[in-house]
Each structure stands twice: as structure tokens, then as C-alpha cells.
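Q: return atomic coordinates for the entry below.
(2 chains)
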Number of protein chains: 2
Amino acid sequence: MKSTLVFLAQGFEEMEAIIVIDVLRRAGVTVTTVATGLERLVTGSHNLTLLADKLLSELHQPASNHFDLVVLPGGQPGTNHLRDHPQVKAWVTHQAQAGKLVAAICAAPLALAAAGLLPGKTFTSHPSVRASLQSQPDSTYLEQRVVVDGNLITSRSPGTAFEFALILTELLAGKEKASELAEAMLVQIN
Amino acid sequence: MKSTLVFLAQGFEEMEAIIVIDVLRRAGVTVTTVATGLERLVTGSHNLTLLADKLLSELHQPASNHFDLVVLPGGQPGTNHLRDHPQVKAWVTHQAQAGKLVAAICAAPLALAAAGLLPGKTFTSHPSVRASLQSQPDSTYLEQRVVVDGNLITSRSPGTAFEFALILTELLAGKEKASELAEAMLVQIN
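A: Purely as a prediction, here's the structure:
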């Protein structure tokens, strides 16, 4: 059984988080949502409040945890909270060093930049934060809806969240499962 | 300021509810989420728990309320709960009689059928519940991603939820606002 950790910080983008969580659960992946603040109830950037499964402080250290994938939803101020959170930084750094999957959508690649994960990588982001990300050394910025570079997966916006979730499904549960879900959910991909 | 009521019953489909709520809030529409059960915390069909703004029992009677749009997300057993709830039935019936907008996605047209709103109408639903809906007198079932027939708007699945939300945006906030949001969110519509 594959496992995924999704960080929820105050001001996260609700569609980006929930499409990923819901689609991965449909694929049979165990998804754990963790609140990065002091409470399990976390309010997103469009005033929807979600009850996270756990507090980040309740998890063990990254080194003793084994998630196949860690996901950073976008939205503001959610992205800034993820970027500035020492434990989130430690998690994504450890995850990347272990060669496991790290995924970020919309503005959230800013948090990957702060953790030092983007130099030398090919990635995308929401167009509005492109300028802040272009100074990453030896990196290539693509205007693609989803970009996969090794264990790093990035995407752009709520409107690309289904494609993002389906690529993550493909990586964790196979191409056949991803196609089956896309068809069952009537997702159109060009 | 336009207003929308979204019903949340245990087992609602999270993406269908949240895409509509989030997109309409981006459009400047006041969206109120109401839990149809006894608690404001409502768990969806993929184990995501959302805190609703209000309990349905806290709202006044439909006749004294003025929402421009009422939305029924799909999912199971959420749809069955909506279908069997006398107050939900009263709300959608009143809403339709007042000539205001009623929208349902996925399996939720079953709840509209139970409220007697489908005879003589053109509509769609999730393919899996088509057979249960085809006996509606004088009705026309379309295999379209979103169907608008007067004040009745229906759609099919999580994968059609962005198109559904954008049509609702168009009806409440205009075509220009809907286009602007589709572009900002990078939604691709064929």
C-alpha cells in the first residue's frame, strides 16, 4: 500500500489539496493530511475549513517515516506558511534526499525553492510566481501543466490539479489505474 | 451580491462540492455551506471532513430565504441523504417554484427526481445513475458535461465540476467573470 502526506497550512488552496487527496484515495493510496499549525481545523484561502487527520507535531521525525509521496498544495498565505516552516522544510528535504517523491502545485514550488530543492531541476509553477523562481541555478522552467523531473513533480493551478493528481496516481498506482480513474471521473485531458 | 446555498450531507463528493464553492467565492458570490445532519463537521465520501458554515436547522424556512442558487453535490451516501431529507426537498421545491436556480451534479439529480423537479426537463447526471432517471415523464437525458434547462443546471462527475462551476459563475456573475476565472485558474475547456 502506497502512502502520501499532504501538508495543510492556513490559507491553502482548497481545490488543489482536495483534488489530490480525493483522487489518490480513489486509487487506493493511503493519504494522511497534516495540519502544520496548532489545530487540526485548517482554513483555506477561500474560507473552507478542513479537519486534518493529524498535527505535524504528532508525526515522528522525517527520517523514521516512510511516505512514498509528500504533497504541497498552493494558495496564499498557505504557501508562505509552508515555506517558513522549519519542520516542513526538514520533511521535504529528507524526502528528496531519500529519493522519494515530492510534489508541489501553484505557488508551492516557492517552498521547494526555500528548501533548496530546485537548483538543477526542471519544473513549473503558477505563472504569477514564475519570476520569483527563475533565478534557481541551472534550472529549466517549463510552461507545461505538469512537469515530472525524476522524483520532483510540479504543476500550475487549480485548473491543472486533476492532471497533477492523475500523474501522481500513475507514479504510485500505475498507468492503468490512472486511466481507469480519469474515465470514471470523466476528466478530459488534451 | 449574489448568494448560493450548498448542502453538505455525510458522504458528499468532496471535489464536486469544493470546486463549486471555491470558484463561486472567487467570483464574489456569497456561498453558505449547510450541514444537513446534526453536526457542522461533515465527512465526505473520500473521508475528508469539512466544517459547514451552518446547520440546515439554523436556517429559516425556504420561503423567507433568498438564495439565488441552491447546489446539490453528488457522492454516496450523500445523494441518498439529500434525497431522503424532507427539509432539503422543501428547499429545492421552493427554490424551483420561485424560478430561482437549482443545480445538481453526479448522482444528485436523483434528489431532484425525488423532489419532483425533473418531469418535462432536459438534464444529465453521472452515467451510473442514468437508468434510474430515464423514467422521468417528458424528460430528455443528454450526455453533455453540463446541461442548462431554464433554472435547472445539471452535470456529471468530479471531472466536469470546473465546467459546472464556471456555468454557475456565468449565470450569477456574468460571462466575463467566468472567462476571467477560467483563465486565471488555467482551466481547459474543450
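
Q: just checking, A:Ser128 touches A:Leu110?
A: No: using C-beta atoms under 8 Å, A:Ser128 and A:Leu110 do not qualify as a contacting pair, with a distance of 10.6 Å. All C-beta spots, glycine's among them, are computed from the backbone N, C-alpha and C.

Q: which one's more surrounded, these two?
A: Each of A:Ser128 and A:Leu110 has its neighbours counted (other C-beta atoms under 10 Å in any protein chain shown); A:Leu110 has more, 23 against 13.

Q: I'd like to know how far the more buried one sits from A:His46.
A: 19 Å (C-beta to C-beta, to the nearest Å).

Q: cool, A:Asp68 as well?
A: As for A:Asp68, its distance to A:His46 is 29 Å (criterion: C-beta to C-beta).

Q: the more surrounded of those two?
A: Each of A:Asp68 and A:His46 has its neighbours counted (other C-beta under 10 Å); A:His46 has more, 20 against 17.

Q: assumed the more buried one was part of a strand.
A: No: using DSSP: H, G, I helix; E, B strand; the rest coil, the assignment for A:His46 is coil, not a strand.

Q: which residues touch it?
A: A:Glu13, A:Glu14, B:Ile21, B:Asp22, B:Arg25, B:Arg26 (C-beta atoms under 8 Å, 6 or more residues apart in numbering or on different chains).

Q: so A:Ile153 bridges to which residues?
A: Here A:Ile153 sits in beta bridges with A:Ala103, A:Val148, going by DSSP bridges.

Q: what is the neighbour count of it?
A: If you count neighbours by other C-beta under 10 Å, A:Ile153 ends up with 22.

Q: wait, doesn't it sit right on A:Val146?
A: Yes: using C-beta under 8 Å, A:Ile153 makes contact with A:Val146 at a distance of 6.8 Å.

Q: three-state assignment of the residue nearest to the spatial centre of chain A?
A: The centre of chain A sits closest to A:Val71, judged by C-alpha atoms, centre = their mean, with a distance of 2.6 Å. Under three-state DSSP, A:Val71 falls in the strand class.

Q: I'd assumed A:Leu5 was in contact with it.
A: Yes: applying C-beta under 8 Å as the test, A:Val71 and A:Leu5 come out as touching, 7.1 Å apart.

Q: what's the burial count for A:Leu38?
A: 8.

Q: just A:Gln134 next, same as before
A: 10.

Q: from chain B, how far off is it?
A: Using C-beta to the nearest C-beta, to the nearest Å, one gets 19 Å for the distance from A:Gln134 to chain B.

Q: OK, contacts around the closest residue to that residue other than its chain neighbours?
A: Leaving out its chain neighbours, the residue that sits closest to A:Gln134 by C-beta to C-beta, 6 or more residues apart in numbering or on different chains is A:Tyr141, at 5.9 Å. Residues near A:Tyr141 by C-beta under 8 Å, 6+ apart: A:Thr122, A:Phe123, A:Thr124, A:Ser125, A:Arg130, A:Leu133, A:Gln134.

Q: show me the beta-bridge partners of the first one.
A: Counting by DSSP bridges, A:Thr122 forms beta bridges with A:Thr140.

Q: which residues does it contact?
A: A:Thr122 neighbours (C-beta under 8 Å, 6+ apart): A:Ser139, A:Thr140, A:Tyr141, A:Leu142, A:Val147, A:Asp149.

Q: just the strands in chain A please.
A: Counting by DSSP state E, the segments of chain A that form strands are A:3-8, A:30-35, A:41-43, A:49-51, A:54-55, A:69-72, A:101-105, A:122-123, A:140-141, A:146-149, A:152-155.

Q: return the list of helices and strands in contact with the fifth one.
A: With contacts defined as 3 or more C-beta pairs under 8 Å, 6 or more residues apart in numbering or on different chains; DSSP states H and E, the secondary structure elements packing on strand A:54-55 are strand A:30-35.

Q: tell me the angle the strand it packs on makes with strand A:3-8.
A: Here the directions of strand A:30-35 and strand A:3-8 differ by 20 degrees (axes from the mean of the first three to the mean of the last three C-alpha atoms, to 10 degrees).

Q: what about strand A:30-35, distance to the chain center?
A: Distance of strand A:30-35 from the chain centroid (C-alpha atoms, centre = their mean, to the nearest Å) equals 11 Å.

Q: cool, stretch A:16-28 as well?
A: Relative to the centre of its chain, stretch A:16-28 is centred 11 Å away, using C-alpha atoms, centre = their mean.

Q: can that stretch be said to contact chain B?
A: Yes: applying C-beta under 8 Å from any C-beta of the partner chain, one finds stretch A:16-28 in contact with chain B at A:Ile18, A:Ile19, A:Ile21, A:Asp22, A:Val23, A:Arg25, A:Arg26.

Q: cool, thanks, talk later.
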